[in-house]
Structure formats: C-alpha cells, structure tokens
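> give me a model of this one.
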Amino acid sequence: MKARKKKSHTKEILHRLFKNKLAVAGLVVIILLVLVAIFAPFLAPYGYEVQDLTATYQFPNGTHLLGTDNLGRDILSRLLYGTRQSLRIGVLSVAIASICGITLGSIAGFYGGKTDNILMRILDIYQSVPAMLLSIALAAALGPGINNAILAIGISTMAEYARMIRAQILTIREREYVEAARAINASDARIVLKHIIPNAFAPLIVSITMNIGNSILAAATLSFIGLGAQPPLPEWGAMLSAGRSYMRDYGYLVIIPGICIMISVLAFNLLGDGLRDALDPKMKN
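Sure, this is the predicted structure:
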C-alpha cells in the first residue's frame, strides 16, 4: 500500500510537471544539450583545435555553417565541444556546493544549540561576500583553469544549500518517524540519511536544477575574465572573451556563444520553475 502511494505521488508530480509547457520545453533543451555533449566528436565537422589560417574570419557559409574565428577554427565545432565544458562546470560545481552545504546544514539543523549557532554565524560571515566576487577571488588564488573554476564556484555557493537543508531539518527532526528511529537506537547518521534528508530534499531539487544554469553563467564570467577554461579548450565564456576584440566587425564571434549561454541558462531556470510548481503540495491542477 505504501509503495502504491509513493508511486501515485510520483506520477502526480510528473503529471503536473508535464502539464507545464515551459518546463517541458526546458527539459527538452537540456536533453538536447546532454546529447550534444556526449556525441560532440561525431557531430562536429572539424576538431575544436584545428586551425586554418587561410580561412580566418569567415562569416557563416556552406563550408563553415557558423563561420570561423581569428585562427580559422570552426565556430560550430567549438560550440559543440564547448557544450561539454559548460555542462561539466555546471553539474560538478553544483554537486560540490550541494554536498558541502547539505553536510553542514544537516549537522547544524540536527544537533542545534551551540553547534547550530557557530556554523550559522560562520555562514553569515561567508555570505557577507557576494558569491561572484568570492568565486573570482578563489579562482584567482587557485589559478586559472577549468577545475579550479569548478571548485571556486562550488565553494562560493554552498551556503545556500546549508541554510535550506537546515530550515527543512528544523521542521522535520521532531516528527514521529524521527522519534521512532531514535527509540530503536538508530545512529544519528542513519536518522539523517534515511529519514530526514529524503523528506527534506524536494526544495533542494528545485534549487539544484536552477543553480546549474547559474553556475554555467558564473563559469562563463570566469572564463571571460581569463580565470576559467584556458586556450585551446573550447568553452562558451572563453569564446566570448576571445571574440570581444573583434565584435564590431565580426559580431557572430560573440553573438553565437552568447545565445548558447542564454538558452542553456533559460532551460535550467524553466525546468526549475516547473519542478517547484510540481512539487508544491498546494498545487492541485
């Protein structure tokens, strides 16, 4: 009976999600981006690092569908390979942020008292620095590179998850099923992992989905100022940075990667909005 209820609840959430046309559109775009990232070597007409100095600054044409850059590299091929890097940064940085944030927030919310007070005051200080400024400072300290950019973005955004999971745990930790787990001498780790976090995860799913798009945008910002992906590795923000010196004469060098960033961030935000509405128990449509 319990399994049936769970299944029907999942079906109800999916039903509400798929009724939201904008959320479905976002999901379709995300699936396409993932497929492009996986099959980039088969879809790209050229290698992302292949240079042809006899074909520099070509506007979109039959040979190069999206044109070429200042080194004669095919823009379409670099965009396709760049999808891999942008999605990698978005997913891994959010994974780091959510794991660190959920761990800290769970400790603070479950134990409360002095532990909660100390951790929350540390996070207050931590959040007093704007996330983008902290990302830039960390990336500069760690050194340019895509892995350091992932780490910088992840560390700078983990406080949001810590506060969110803490707030959820404070409302859940006194419920009957948690008291029952304590009564049978279940360990604190088991109570948190098996009984509390699964019941507090719904708002986190929404935040994680939307923050992947924000992380892609943050990564593009770091690459634009030279702290993210380094040449010749293709990444949309790095492509914007490389094309900014030529944007007056060859606008496609910045317009095309800019559109890719915009579409990907919009897709994750639309899906996040749809998930938020679908997971809201007050929604009965």
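
> use CA for all of it now, contacts and neighbours both
Will do.

> distance check, residue 166 against residue 154.
Distance from residue 166 to residue 154, counting by CA to CA, to the nearest Å: 18 Å.

> can you check residue 249 too?
37 Å.

> check residue 170 too.
Distance of residue 170 to residue 154, computed by CA to CA: 25 Å.

> the two: who's more crowded?
residue 154 (27 against 17; other CA atoms under 10 Å).

> quick one: name whatever helix or strand follows the strand or helix carrying the more buried one.
For residue 154, the element it lies in under DSSP states H and E is helix 146-156. Downstream of helix 146-156, the first helix or strand assigned by DSSP H and E is helix 158-172.

> in that following helix, which residues are buried?
158-170, 172 (16 or more other CA atoms under 10 Å).

> avg pLDDT for the helix holding residue 154?
Averaged over helix 146-156, pLDDT sits at 90.

> hey, C-alpha coordinates of it in PDB?
The C-alpha coordinates for helix 146-156 follow below in PDB (Å, rounded to 0.1, in the frame of the first residue of the first chain):
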ATOM      1  CA  ILE A 146      38.500  24.800 -15.500                       C
ATOM      2  CA  ASN A 147      38.900  22.500 -12.500                       C
ATOM      3  CA  ASN A 148      39.800  25.500 -10.300                       C
ATOM      4  CA  ALA A 149      36.800  27.400 -11.600                       C
ATOM      5  CA  ILE A 150      34.500  24.400 -10.700                       C
ATOM      6  CA  LEU A 151      35.900  24.400  -7.200                       C
ATOM      7  CA  ALA A 152      35.700  28.100  -6.800                       C
ATOM      8  CA  ILE A 153      32.000  28.300  -7.900                       C
ATOM      9  CA  GLY A 154      31.100  25.300  -5.800                       C
ATOM     10  CA  ILE A 155      32.700  26.700  -2.600                       C
ATOM     11  CA  SER A 156      31.200  30.100  -3.100                       C
END
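
> which stretches of the stretch 151-285 of the chain form helices?
Secondary structure of the stretch 151-285 of the chain (DSSP state H, counting those that start in this stretch): helices at 158-172, 176-183, 188-190, 202-224, 236-243, 252-279.

> packing partners of the fifth one?
The criterion is 3 or more CA pairs under 8 Å, 6 or more residues apart in numbering; DSSP states H and E, and the helices and strands that helix 236-243 contacts are helix 75-111, helix 202-224, helix 252-279.

> compute the inter-axis angle for it and helix 202-224.
Per axes from the mean of the first three to the mean of the last three CA atoms, to 10 degrees, the angle that helix 236-243 makes with helix 202-224 is 20 degrees.

> which residues touch helix 236-243?
Here helix 236-243 makes contact (CA atoms under 8 Å, 6 or more residues apart in numbering) with 69, 79, 82-83, 86, 219-226, 228-231, 253-254, 257-258, 260-261.

> could you pick out the buried ones from those?
Applying 16+ other CA under 10 Å to those flags 69, 79, 82-83, 86, 219-224, 226, 228-229, 253-254, 257-258, 260-261 as buried.

> where in the stretch 51-200 of the chain is pLDDT low?
For the stretch 51-200 of the chain, no stretch is flagged by pLDDT under 70.

> now with 80?
173-179, 181-200 (pLDDT under 80).

> on that earlier part again, so what touches the helix holding residue 154?
Contact with helix 146-156 is made by 89-90, 92-97, 131-132, 134-136, 138-139, 142, 215, 218-219, 222, 227-230, as judged by CA under 8 Å, 6+ apart.

> chain center to it: distance?
Computed by CA atoms, centre = their mean, to the nearest Å, the chain-centroid distance of helix 146-156 equals 12 Å.
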